[in-house]
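>>> Next come a sequence and a model predicted from it.
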Amino acid sequence: MTTSLWPLEWPCQICKDIRPDDKISVISTDVSSEHGWPEGTMRQNVKYCNDRPDCMEKAKVYRYDTANKKDTPESA
């Protein structure tokens, strides 16, 4: 007996919607230099909706280290 993994679904890290596998793509970006590390040391992978232009554009500049920061008195 074979267990099927389909339908796979993934969350878009930009709009947060849960989407079918064929509607999600991944952009891989080298972010090493942003942290003062040698090129190729650190990459981030961002899942985004491949059928939504807004998600595609935002995925190009999305950064994990700033995505969830809140405005605080210290950061003002």
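Sure, I can see it. Numbers count the residues shown, from 1 in each chain.
>>> Okay, and the beta partners of residue 28?
residue 45 (DSSP bridges).
>>> Just want to check the distance between it and residue 38.
Computed as CB to CB, to the nearest Å, the residue 28 to residue 38 distance reads 17 Å. Quick note: C-beta positions are derived from backbone N, CA and C, even for glycine.
>>> ok, now residue 21?
For residue 21, the distance to residue 38 equals 34 Å [CB to CB].
>>> Looking at those two, which has the bigger crowd around it?
Between residue 21 and residue 38, residue 21 has the larger neighbour count (other CB atoms under 10 Å), namely 11 against 8.
>>> mind listing what the more buried one touches?
6, 7, 8, 9, 10 (CB atoms under 8 Å, 6 or more residues apart in numbering).
>>> Break down the protein into its helices, ranges please.
53-61, 64-67 (DSSP state H).
>>> could you give the mean pLDDT of the shortest one?
Mean per-residue pLDDT for helix 64-67: 74.
>>> repeat for stretch 35-54
94.
>>> pretty sure residue 41 is touching residue 33, no?
No - in terms of CB atoms under 8 Å, residue 41 does not count as a neighbour of residue 33; the distance is 9.1 Å.
>>> coming back round to it: restricted to strands, list the contacts of residue 21.
9, 10 (DSSP state E).
>>> Top of the contacts of residue 21 by number of neighbours, please.
Ranking those using other CB under 10 Å puts residue 10 first, with 17 neighbours.
>>> what about residue 64, neighbour count?
Counted with other CB under 10 Å, the neighbours of residue 64 add up to 11.
>>> ah, wrong one, I meant residue 34
13.
>>> And the residue nearest the centre of the protein?
residue 46 (2.0 Å; CA atoms, centre = their mean).
>>> Dump stretch 41-49 to PDB, restricted to CA.
Output in PDB follows, covering the C-alpha atoms of stretch 41-49 (Å, rounded to 0.1, in the frame of the first residue of the first chain):
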ATOM      1  CA  THR A  41      28.000  31.300   3.800                       C
ATOM      2  CA  MET A  42      24.300  32.100   4.500                       C
ATOM      3  CA  ARG A  43      21.300  31.700   2.300                       C
ATOM      4  CA  GLN A  44      17.600  32.200   3.000                       C
ATOM      5  CA  ASN A  45      14.700  30.500   1.200                       C
ATOM      6  CA  VAL A  46      11.400  32.300   0.900                       C
ATOM      7  CA  LYS A  47       8.200  30.600  -0.200                       C
ATOM      8  CA  TYR A  48       5.900  32.800  -2.200                       C
ATOM      9  CA  CYS A  49       2.800  32.600  -4.400                       C
END
